[in-house]
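In: Predicted model, plus sequence, below.
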Amino acid sequence: MGKQMTEMLKGTLEGVVLAILAMRPAYGYEITARLRDQGFSDIVEGTVYALLVRIEQRGLVDVEKVPSEKGPPRKVYSLNGLGQEYLAEFWKTWSFLAERIEQLQHNTENPKEEGA
């Protein structure tokens, strides 16, 4: 990922992780693996764990410690009501921004059509 992609992702990764948790509860490594499966191949586990701490502190997820076959119990994160509200707002904001950005892109690629 280039620097520009990394910077853009910083502002949206929280919403992306919440969207993953909206599908089903998961632990940190599993979330990182899902992100990588979605094409976010340069995501570092430490970034995801730091984000999980933040969203837990903000009360957007519920956390359950589940025994692990290897090592200490895993923290499994699930989206709670507050997290669902936050995610809904994220999607509204994302749609608003995406529409405007697409319009700007269209206008810069086709400048003669802007006033039409």
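Out: Everything's here; your move.

In: any chance you could map the strands in this structure?
Out: 26-27, 61-66, 74-79 (DSSP state E).

In: Dump those strands into TSV; add mean pLDDT and mean neighbour count as well.
Out: In short, each C-beta sits where N, CA and C put it, glycine included. Formatted as TSV, the strands of the chain follow (pLDDT from 0 to 100; neighbours: other C-beta atoms under 10 Å):
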stretch	mean pLDDT	mean neighbour count
strand 26-27	96	18
strand 61-66	97	14
strand 74-79	96	19
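
In: how about these in TSV, adding distance to Lys112?
Out: Formatted as TSV, these follow (distance: least, C-beta to C-beta, whole Å):
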stretch	distance to Lys112
strand 26-27	48
strand 61-66	49
strand 74-79	46
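
In: Burial check on Thr12, number of neighbours?
Out: Thr12: 14 surrounding residues under other C-beta atoms under 10 Å.

In: so what's it up against?
Out: Trp94 (C-beta atoms under 8 Å, 6 or more residues apart in numbering).

In: got it, and the one 5 residues further on?
Out: By C-beta under 8 Å, 6+ apart, Val17 lies in contact with 31, 35, 48, 51-52, 55.

In: Find the centremost residue of this structure, please.
Out: Val16 (1.7 Å; C-alpha atoms, centre = their mean).

In: circling back: and the contacts of Val17, which is closest to Lys70?
Out: Lys70 has its nearest neighbour among the contacts of Val17 in Ile31, at 18.2 Å by C-beta to C-beta.

In: Cheers, nothing more for now.
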